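sequence and predicted model, in that order:
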Amino acid sequence: MQETGIQLYTLREQVAQDFLGTLDALAQAGIRRVELARDYGGLSGPALRAVLDERGLSAPSAHLALEPLEDDLEAQVQFLQTVGVRHAVYPYHRADTEAEWLALAARLERVAQALAAHGLTLSYHNHDHELTQTFGGRPVLDLLLEAAPSVQAELDVAWIYAGGHDPVTYLRRYAGRLPLVHLKDVRREGEGWQTVALGEGEVPLHQVLSALPAEVLPYYEQDQGGTLDTLRRSLGYLKTASV
């Protein structure tokens, strides 16, 4: 298993207040890889690459809006390649109908093919609604990835679990198109789900870790309540999991 990084959305409030200080704290906590989440502290591509390099950090993947990739691909590619990003990720989408999801798949496929010409990949990041929403008995996530064969998957194991499915099954199903994984834990709270530090929720993380393909880049992410303390507890859990 590759060393675990962090999706910066986990610490979005800290990032917004002090981008460089947050990077310093992550480096001091032993993090070596971050996944970008749109907020770059107002830095240009070269400046961002420099502050990452200074701290011994790399950013091989980034969550991005789809429209800039469609409207100005060359500028986006230049930024990503300057920073060292190899994997672009479309992080969130909702739609009501199958036709709307298939329209998204067509857009993603076009962008994925365009990025591939520059040596970059495009992945789709799931939440639970792509598992609970179905058409013809099939989850949206499967329909979307089938309709966009050039698009890779960044599977979020906790949201697969919260969506009523086995994350290990999905890891195995998409092992051939899985450059990135989000390691996350959740527990039921009332009618919803709360994300928690790794090992403190309900997700069968030991089985998940055992099923990760060796080349996959894993990221810890916590949608609610993420702090440097939950990061440290999560990293501690991964050390004791001894996969």
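On my side now, so go ahead.

residue furthest from the geometric center of the protein?
Distance to the chain centre peaks in the chain at residue 136, reaching 27.4 Å (criterion: Cα atoms, centre = their mean).

tell me the pLDDT at that residue?
pLDDT, residue 136: 97.

same thing with residue 242?
Reported pLDDT at residue 242 in the predicted model: 61.

repeat for residue 39
pLDDT for residue 39: 86.

which non-adjacent residue is nearest it?
Leaving aside its sequence neighbours, residue 39 sits nearest to residue 15 (Cβ to Cβ, 6 or more residues apart in numbering; 5.3 Å). Where C-beta positions appear, they are placed from N, C-alpha and C, glycine not excepted.

you'd agree residue 147 is up against residue 106?
Yes - contact criterion Cβ atoms under 8 Å: residue 147 and residue 106 qualify, at 7.4 Å.

same drill for these two, tell me which one is more crowded.
Legend: neighbour count by other Cβ atoms under 10 Å for residue 147 and residue 106, higher for residue 147 (17 against 11).

phi, psi for residue 239 please.
Main-chain torsions, residue 239, degrees, to the nearest 10: phi -70, psi -40.

state the pLDDT value of it.
Predicted confidence (pLDDT) for residue 239: 93.

over to residue 1?
Taking residue 1 on its own, its pLDDT is 86.

return the residues in contact with it.
209, 212, 214, 218, 243 (Cβ atoms under 8 Å, 6 or more residues apart in numbering).

export the longest helix belonging to the chain to CSV, keeping only CA atoms.
Assignment by DSSP state H gives helix 98-116 as the longest helix of the chain. Taking Å, rounded to 0.1, in the frame of the first residue of the first chain, the C-alpha atoms of helix 98-116 are listed here in CSV:
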residue,chain,number,x,y,z
GLU,A,98,-30.7,9.1,-16.3
ALA,A,99,-30.5,11.4,-19.3
GLU,A,100,-28.8,14.1,-17.2
TRP,A,101,-26.3,11.6,-15.9
LEU,A,102,-25.6,10.3,-19.4
ALA,A,103,-25.1,13.9,-20.6
LEU,A,104,-22.5,14.4,-17.8
ALA,A,105,-20.8,11.1,-18.8
ALA,A,106,-20.5,12.5,-22.4
ARG,A,107,-18.9,15.7,-21.1
LEU,A,108,-16.5,13.8,-18.8
GLU,A,109,-15.5,11.4,-21.6
ARG,A,110,-14.6,14.4,-23.9
VAL,A,111,-12.5,16.0,-21.2
ALA,A,112,-10.9,12.7,-20.3
GLN,A,113,-9.8,12.1,-23.9
ALA,A,114,-8.5,15.6,-24.2
LEU,A,115,-6.5,15.3,-21.0
ALA,A,116,-5.1,11.9,-22.0
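
from the rest of the structure, what touches that helix?
Applying Cβ under 8 Å, 6+ apart, the external contacts of helix 98-116 come out as 66, 69-70, 73, 77, 88, 90, 93, 95, 121-122, 124, 135, 140, 143-144, 147-152.

which among those end up buried?
66, 69, 73, 77, 88, 90, 93, 95, 121-122, 124, 140, 143-144, 147-148, 150-152 (16 or more other Cβ atoms under 10 Å).

tell me where this structure has helices.
Ranges of helices within the chain are 12-17, 19-28, 45-54, 66-71, 73-83, 98-116, 129-132, 140-147, 157-162, 167-173, 205-211, 228-241, based on DSSP H.

helices or strands next to the fifth one in the packing?
So the one you mean is helix 73-83. Helices and strands touching helix 73-83, by 3 or more Cβ pairs under 8 Å, 6 or more residues apart in numbering; DSSP states H and E, are helix 45-54, strand 58-63, helix 66-71, helix 98-116.

closest to residue 222 out of the ones you listed?
Proximity to residue 222, assessed across those by Cβ to Cβ, is greatest for strand 58-63 (14.8 Å).
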